[in-house]
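J.: Okay, predicted coordinates and the sequence, questions at the end:
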Amino acid sequence: MSLSHTRVAEAVRGEACPVTEVLDRVAGKWSIGILIAAAHGPVRFTELERAINGISRRMLTLNLRRLERDGLLIRTVYPTVPPKVEYSLTPMARELHASLTGLVGWAERHRSAIAEARAAYDSAAEQEADAE
């Protein structure tokens, strides 16, 4: 491998790594649901737990911490007994929410076309396997 090729590869990796890391975190299985659920104003832990089908308390806690660490959620603790904790989106997360809403809309509009394409692909692959 040439020296210039190595430098280019390192430069691409150096720029792509942080982007990939952010996208992996934000597009994670639970992160999208949390951000969408929290977009309607401050939301409590139990409300998020009810809104996100199938998430365990542990996974919700881990994802809330990650999103807070990434600057996408604000965690507010009120000094009451028991403590009241609410989560809300940061301005950066509100911008992201607009993109996620577009993505969710796209997925809903094209859900049947994707299902049809998968069925056609699987059928063709099955026929090809039978022909061999």
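T.: All right, it came through fine.
J.: Can you list the residue ranges for helices in this structure?
T.: 3-26, 31-38, 45-51, 57-69, 91-131 (DSSP state H).
J.: Mean neighbour count, these: which tops it?
T.: Using mean count of other C-beta atoms under 10 Å, the stretch among those with the greatest mean number of neighbours is helix 31-38 (a mean of 20). Placement of C-beta: from N, CA and C, glycine included.
J.: So for this protein, the centremost residue is which one?
T.: residue 27 (2.4 Å; C-alpha atoms, centre = their mean).
J.: per-residue confidence at it?
T.: At residue 27, the pLDDT value in this model is 76.
J.: what does residue 44 give?
T.: 96.
J.: what about the closest residue to it other than its chain neighbours, distance to residue 122?
T.: Ranked by C-beta to C-beta, 6 or more residues apart in numbering and with sequence neighbours excluded, the top spatial neighbour of residue 44 is residue 86, at 5.7 Å. Going from residue 86 to residue 122 by C-beta to C-beta, to the nearest Å gives 45 Å.
J.: Same question for residue 33.
T.: 28 Å.
J.: now do residue 63
T.: 32 Å.
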